[in-house]
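Colleague: what follows is a predicted protein model with its sequence.
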Amino acid sequence: MTFPHRQLLERLLARALEEGDGVSPERLSAAKARLGFELPSVVADFYRLAGSAPELQVHNRLREPEALTVEDGYLVFMEENQRVVDWGLGVPIGEQADPEVWQRVNGDEPAWYSETMPFSEFIVKNLAWTLGIELGDLGL
């Protein structure tokens, strides 16, 4: 399964995605080898399309493939700029192409909470929030 919101992503960015916005297949393969499992297909496709886009490093920061880690049973893929929260995917991921996103509130007793949405929806909504764009302003 491919990332289903490419056009919406480009509308949010107000530009077309370019080759430099994506992560190379070699880097994703190295992450797979290091982690011991493949990224879900929608997540991998998103990284290939936009995983290095600078807009994803403004506030909530998408981790580069080399920085993906498994912590407390979750694959952590994004962190808030002050490290108050992290976002991850439950491991093992299994056959889920577009798995549910979980948020960890860091502190003395870190706890994970469901965002109640799949990765593809979360990443678009998170980017819109970071850029100060209401999805309704785009006719959605």
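Modeller: Thanks, I have it. Numbering: from 1, shown residues only.
Colleague: in the longest helix along the chain, what counts as buried?
Modeller: Ranked by residue count under DSSP state H, the longest helix found in the chain is helix 119-131. For helix 119-131, burial by neighbour count (16 or more other Cβ atoms under 10 Å) applies to Phe119, Ser120, Glu121, Phe122, Ile123, Val124, Lys125, Asn126, Leu127, Ala128, Thr130. C-beta: built from backbone N, CA, C; applies to glycine.
Colleague: which residues touch the nearest residue to Leu135 once chain neighbours are set aside?
Modeller: Counting by Cβ to Cβ, 6 or more residues apart in numbering, Ala128 is the residue found nearest to Leu135 once chain neighbours are left out, at 5.4 Å. With contacts defined as Cβ atoms under 8 Å, 6 or more residues apart in numbering, Ala128 is in contact with Leu12, Glu134, Leu135.
Colleague: so which of those residues wins on neighbours?
Modeller: Within these, Leu12 tops the neighbour count with 19 neighbours, counted by other Cβ atoms under 10 Å.
Colleague: quick check, it in contact with Trp129.
Modeller: No. Using Cβ atoms under 8 Å, Leu12 is not in contact with Trp129; the gap is 10.3 Å.
Colleague: low-confidence regions, the chain specifically.
Modeller: Low-confidence segments of the chain (pLDDT under 70): 137-140.
Colleague: in it, which spans are helices?
Modeller: For the chain, the helices defined by DSSP H cover 6-13, 25-35, 41-50, 119-131.
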